[in-house]
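>>> One predicted model, sequence on top.
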There are 4 protein chains.
Amino acid sequence: MTESRLEKIKILILDADGVLTRGEILYTGAELESKAFNVKDGFGIRMLKDAGIMVGVITGRHSEAIERRAKELGLDFCRQGVKDKSSLLAAILEQAGCSPEESAFVGDDIPDISVMKSAGLGIAVADAHETVRECADMVTANSGGNGAVREVCESILKAKGLWEGILKSWA
Amino acid sequence: MTESRLEKIKILILDADGVLTRGEILYTGAELESKAFNVKDGFGIRMLKDAGIMVGVITGRHSEAIERRAKELGLDFCRQGVKDKSSLLAAILEQAGCSPEESAFVGDDIPDISVMKSAGLGIAVADAHETVRECADMVTANSGGNGAVREVCESILKAKGLWEGILKSWA
Amino acid sequence: MTESRLEKIKILILDADGVLTRGEILYTGAELESKAFNVKDGFGIRMLKDAGIMVGVITGRHSEAIERRAKELGLDFCRQGVKDKSSLLAAILEQAGCSPEESAFVGDDIPDISVMKSAGLGIAVADAHETVRECADMVTANSGGNGAVREVCESILKAKGLWEGILKSWA
Amino acid sequence: MTESRLEKIKILILDADGVLTRGEILYTGAELESKAFNVKDGFGIRMLKDAGIMVGVITGRHSEAIERRAKELGLDFCRQGVKDKSSLLAAILEQAGCSPEESAFVGDDIPDISVMKSAGLGIAVADAHETVRECADMVTANSGGNGAVREVCESILKAKGLWEGILKSWA
């Protein structure tokens, strides 16, 4: 069931805090803000993009660290400080020429519920809020910042039958 | 029992290190100090404040990171370097026009015991010092910096019968 | 057995990395180095010092972060970049007018074995190297940077019969 | 089996992210990047180098933090931004006058598979990607950044019959 829905995905949208990170923000003195990213997640995103799937970020907060990580990974878009994630998703899908069924959103907290329902596939990370897990189409085995994004990337590639070929290209 | 006491809370006071954080301070070179905060905790505090409940910090140490986090979350007060937390609580309650029964304090270590007893509801985080847990009215399932504050916020909102409405407003 | 030895302690010496920290050093760019300290450990050290017990650091590496943490906690000494920890311990004990039986050393790795044997009480943190744990007089239940030092401080205060009085003074 | 292969190792090559670290990169603002290293790993590398075994890093990413850690530990080489790890390994082995059987490579993710097969001994950290663990000659009990490298260093020293002597020199 989920596999057939994963197979259709042309665009993957990620929340930032708690999905691309463990949900921690590090404040240093009065101005610096840090976030920790997972290198294996990053490699998953690159494999997905190499396979022609669009990947982007939609998040309610704003930080330079996310902007920088998005650039490093060559994400197709990175929209921060977003109040209404569902409306933005609709606009992005229209611009990308994708139907909702071709989109997946990965979230972890209550502000993600609505956009997860708007997307074709709503994915909750393992340590997402209980309510988010309950209304998700799929819950990852790994937690946010700790392999959840990598797991989603591989699930899509496997559903599309691309995984074995990628492995062979690296071996 | 605890639920009826949670229902009365009009003001929530948090210790900082070990409650809003995992109890770690990061020193960089001779001057910089960092603290890691939990984004889900932050969202819990915002929901609580949106429901009209006051939230503030009383802590024995001092750091710019706490000041900044307090401002970001729009906390009603942030008092650092406090020697006598109980006396300050009394002064804050008087100024806010709240009775002790309308206050809750979340702590994790021995200097919090007295103020936890002065508050209407003394709450210990899951990884609080054994003595603190023993004298608490309520112990969270989550540890400090790892969801304890979020759990307290939701417990108050649920006891007040506000939780379902909040969830609906986001769905 | 261990209790009677803990009762005699007048000076507690701590290794730094892996004892006062989790054993991680954070490098930022070409110059900055960070270490994470545990606030509960810090409070344990203060209680110990308030009870008149000397506390200091002897470590093989060198960092500004350790120097700063030592100053903040008012440690009696902080000796970094030490090659021969045993010889330095002997010199410190002589200067302090303490016998080896009145000293305890907390370590986590092989370079600590010799000095742990020289001290009256050699204490290994829970996640110390296997060989270090085997030759220790006492192994903490908590790991380094995660409460091991706090546990040692309280064990000494309890063995000296001071713990209940301290708790009462805070309650 | 593995022991006889460990005994032959004259050169140990490490991937960086996920092997020397937990696989996390910390971004601060627009420019700073941090990585956390394990002090016990560092001591393992020093023991190995003192025993005359070469140690170096080959990694696909690039950071000043890795460069600095390599210098601090006196690594024999540190090659970053490497696209084709296998070819570089061959060149390094030729320059060092080592056969593939005298080399070991420690990796954690798919880009390491090929070079792990080229080395005499391909070692996966405990939390390596499933595919990497499956094609490894040896999987460590400890995870990357959390003792995996230390474990490999000691395994080599033990297989060579050097471990007991080293322990005696420290006791």
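Looks like it arrived, so ask away.

>>> What average pLDDT does stretch A:123-136 get?
Summarised as a single mean, pLDDT over stretch A:123-136 is 98.

>>> Flag every buried residue along it.
For stretch A:123-136, the neighbour count (16 or more other Cβ atoms under 10 Å in any protein chain shown) marks A:123, A:124, A:125, A:126, A:127, A:128, A:129, A:131, A:132, A:133, A:135, A:136 as buried. C-beta: built from backbone N, CA, C; applies to glycine.

>>> now stretch A:63-77
Judged by neighbour count (16+ other Cβ under 10 Å), stretch A:63-77 contains these buried residues: A:63, A:64, A:65, A:66, A:67, A:68, A:69, A:70, A:73, A:75, A:76, A:77.

>>> what about the longest strand that chain A contains, near chain B?
Using DSSP state E to define each element, chain A has its longest strand at strand A:32-38. Yes: in this structure, strand A:32-38 sits against chain B according to Cβ under 8 Å from any Cβ of the partner chain; the contacting residues are A:32, A:34.

>>> next SSE after that strand?
Scanning forward in sequence from strand A:32-38, with DSSP states H and E defining helices and strands, the next element found is helix A:39-50.

>>> and the following helix or strand past that following helix with helix A:39-50, angle?
Counting by DSSP H and E, the element after helix A:39-50 in chain order, helix or strand, is strand A:54-58. Between strand A:54-58 and helix A:39-50, the angle formed by their directions is 130 degrees, by axes from the mean of the first three to the mean of the last three Cα atoms, to 10 degrees.

>>> Show me the strands in chain A, by range?
Taking DSSP E as the test, the strands found in chain A are A:11-14, A:24-28, A:32-38, A:54-58, A:77-79, A:103-107, A:121-124, A:138-139.

>>> mind giving me CSV with those and columns for distance to residue D:164?
As requested, the strands of chain A are arranged in CSV below (distance: least, Cβ to Cβ, whole Å):
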stretch, distance to residue D:164
strand A:11-14, 51
strand A:24-28, 43
strand A:32-38, 39
strand A:54-58, 52
strand A:77-79, 55
strand A:103-107, 51
strand A:121-124, 51
strand A:138-139, 49
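
>>> Residue A:17 - how many residues pack around it?
The burial count assigned to residue A:17 is 25, neighbours taken as other Cβ atoms under 10 Å in any protein chain shown.

>>> My read is that residue A:12 contacts residue A:154, right?
No: in this structure, residue A:12 sits apart from residue A:154 without contact. The criterion is Cβ atoms under 8 Å, and the distance is 11.8 Å.

>>> More neighbours: those two, which one.
For the pair residue A:12 and residue A:154, the greater number of neighbours falls to residue A:12 (25 against 20), based on other Cβ under 10 Å.

>>> where's that one relative to chain D, distance?
For residue A:12, the distance to chain D (Cβ to the nearest Cβ, to the nearest Å) stands at 19 Å.

>>> Tell me the spacing between that residue and residue D:121.
Separation of residue A:12 from residue D:121 (Cβ to Cβ, to the nearest Å) stands at 37 Å.

>>> now do residue A:95
Residue A:95 sits at a distance of 51 Å from residue D:121 (criterion: Cβ to Cβ).

>>> can you pull the contacts of residue A:171?
Taking Cβ atoms under 8 Å, 6 or more residues apart in numbering or on different chains as the definition of contact, the neighbours of residue A:171 are D:113, D:114, D:117, D:135.

>>> The same query, at a cut-off of 6 Å, please.
Residue A:171 makes contacts with residue D:113, as judged by Cβ atoms under 6 Å, 6 or more residues apart in numbering or on different chains.

>>> With residue A:142 instead?
Taking Cβ under 6 Å, 6+ apart, we find residue A:142 in contact with A:126, A:148, A:151.

>>> and if you look at residue A:156?
Contact partners of residue A:156, counting by Cβ under 6 Å, 6+ apart, are A:6, A:9.

>>> Residue A:19 versus that one, what's the distance?
15 Å.

>>> now do residue A:114
If you measure residue A:114 against residue A:19 using Cβ to Cβ, the figure is 16 Å.

>>> what do you get for residue A:50?
Per Cβ to Cβ, residue A:50 is found 21 Å from residue A:19.

>>> Where in chain A is the helix or strand with the lowest mean pLDDT?
Across the helices and strands of chain A, mean pLDDT, DSSP states H and E gives its lowest value to helix A:2-7, namely a mean of 93.

>>> got a list of contacts for that one?
Residues lying outside helix A:2-7 but in contact with it, judged by Cβ under 6 Å, 6+ apart, are A:121, A:138, A:155, A:156, A:159, A:160.
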